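# got a sequence here, can you model it:
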Amino acid sequence: MFVLNEINSIASDYIAEMRDIAIQTDRLRFRTNLERVGAILAYEISRNLSYSAKKIQTPLGISSVQTLKSEIVLATILRAGLPFHQGFLNVFDKAENAFIGAYRGNYQNDNEFEVEMDYISCPDLRDKVLIIIDPMLATGRSMEKAYHGLLRFGIPRQTILASVIGSEAGVRHVNERMSECKLYIGAIDKELDEHYYIVPGLGDAGDLAFGSK
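This next block holds a predicted model:
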């Protein structure tokens, strides 16, 4: 597991602005910060992918370089994931893309809920690196359901999970239930409230990015 804010960087400023109620009302800035953190996590992920040697003709000679060998599929859980996804796509600009409609269903009397999933668009995943992108890792159930839904499009060579903020419970859930996947995350918070929202978290990322449902 890689946790971005364990080492000080400018990413901490972007996450702080997303959390700050005085700043997060600016939807453009919120979306921009999601995109920025996505690009930073994509760079960190890129450090552990496969590369191959290639010779490039420059105006003055031949340069030997290492270029990305891994084939990437970026899978995003709608709708809050869209700006976060764009940050990854800015880095992995040749990646294929998948989109998943997953959301919390109706709450029960005990505040439990089922994750509903009613849409998936995905290319062939066989032998590729799948990166599942969801800004908030609250319970981890949406991430798990999306992962199993995507597997019907083929078994990837490697699966990576990416979030901006997660709860300790959500991180534990994916580590236990999806141990074959590696998690890259911006920050981890301790608690979930009675409605399973991350505390302190930042609120509803989808609403902050695009307005109330």
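# let's see stretch 5-18 as CSV, backbone CA atoms only.
C-alpha atoms of stretch 5-18 as CSV (Å, rounded to 0.1, in the frame of the first residue of the first chain):
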residue,chain,number,x,y,z
ASN,A,5,0.6,12.1,2.6
GLU,A,6,3.1,9.9,4.6
ILE,A,7,5.8,12.0,2.8
ASN,A,8,5.4,15.8,2.7
SER,A,9,4.7,17.1,-0.9
ILE,A,10,2.5,19.7,-2.6
ALA,A,11,-0.2,17.0,-2.8
SER,A,12,-0.9,17.7,0.9
ASP,A,13,-1.9,21.2,-0.1
TYR,A,14,-4.3,19.9,-2.8
ILE,A,15,-5.9,17.5,-0.3
ALA,A,16,-6.1,20.2,2.4
GLU,A,17,-8.0,22.5,-0.1
MET,A,18,-10.4,19.7,-1.0
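# which residue is the nearest non-sequential neighbour of Cys122?
Sequence neighbours aside, Ala98 is the residue nearest to Cys122 in space, at 3.8 Å (criterion: Cβ to Cβ, 6 or more residues apart in numbering). Quick note: C-beta positions are derived from backbone N, CA and C, even for glycine.
# and the strand or helix carrying that neighbour, what's buried?
Taking DSSP states H and E as the criterion, Ala98 maps to strand 96-104. By 16 or more other Cβ atoms under 10 Å, the buried positions in strand 96-104 come out as 96-100, 102-103.
# tell me which strands and helices it is in contact with?
strand 72-77, strand 115-121, helix 141-150 (3 or more Cβ pairs under 8 Å, 6 or more residues apart in numbering; DSSP states H and E).
# which residues does whatever helix or strand comes next after the first one contact?
Along the chain past strand 72-77, the next helix or strand (assigned with DSSP H and E) turns out to be helix 81-91. The set of residues external to helix 81-91 that reach it, using Cβ atoms under 8 Å, 6 or more residues apart in numbering, is 30-32, 34-43, 46, 74, 76, 95, 97, 131, 133-135, 162, 164, 209.
# avg pLDDT for helix 81-91?
The average pLDDT for helix 81-91 rounds to 97.
# how far out from the middle of the chain is that helix?
Mean-position distance between helix 81-91 and its chain equals 9 Å (Cα atoms, centre = their mean, to the nearest Å).
# sorry, back to before: could the buried residues of strand 96-104 go into a markdown table alongside pLDDT and distance to Arg126?
Output for those, formatted as a markdown table (pLDDT from 0 to 100; distance: Cβ to Cβ, whole Å):
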| residue | pLDDT | distance to Arg126 |
| --- | --- | --- |
| Glu96 | 98 | 12 |
| Asn97 | 98 | 16 |
| Ala98 | 98 | 13 |
| Phe99 | 97 | 19 |
| Ile100 | 94 | 18 |
| Ala102 | 76 | 23 |
| Tyr103 | 70 | 28 |
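# list the contacts of Leu41.
4, 87-88, 162, 184, 186.
# did I read that right, it in a helix?
Yes. Assigned with DSSP: H, G, I helix; E, B strand; the rest coil, Leu41 falls within a helix.
# pLDDT below threshold where in the protein?
Flagging of the chain using pLDDT under 70 yields the residue ranges 104-113.
# would you map the strands across it?
Taking DSSP state E to define them, one finds strands in the chain at 2-3, 51-58, 61-68, 72-77, 96-104, 115-121, 129-133, 136-137, 158-167, 182-189, 191-192, 198-199.
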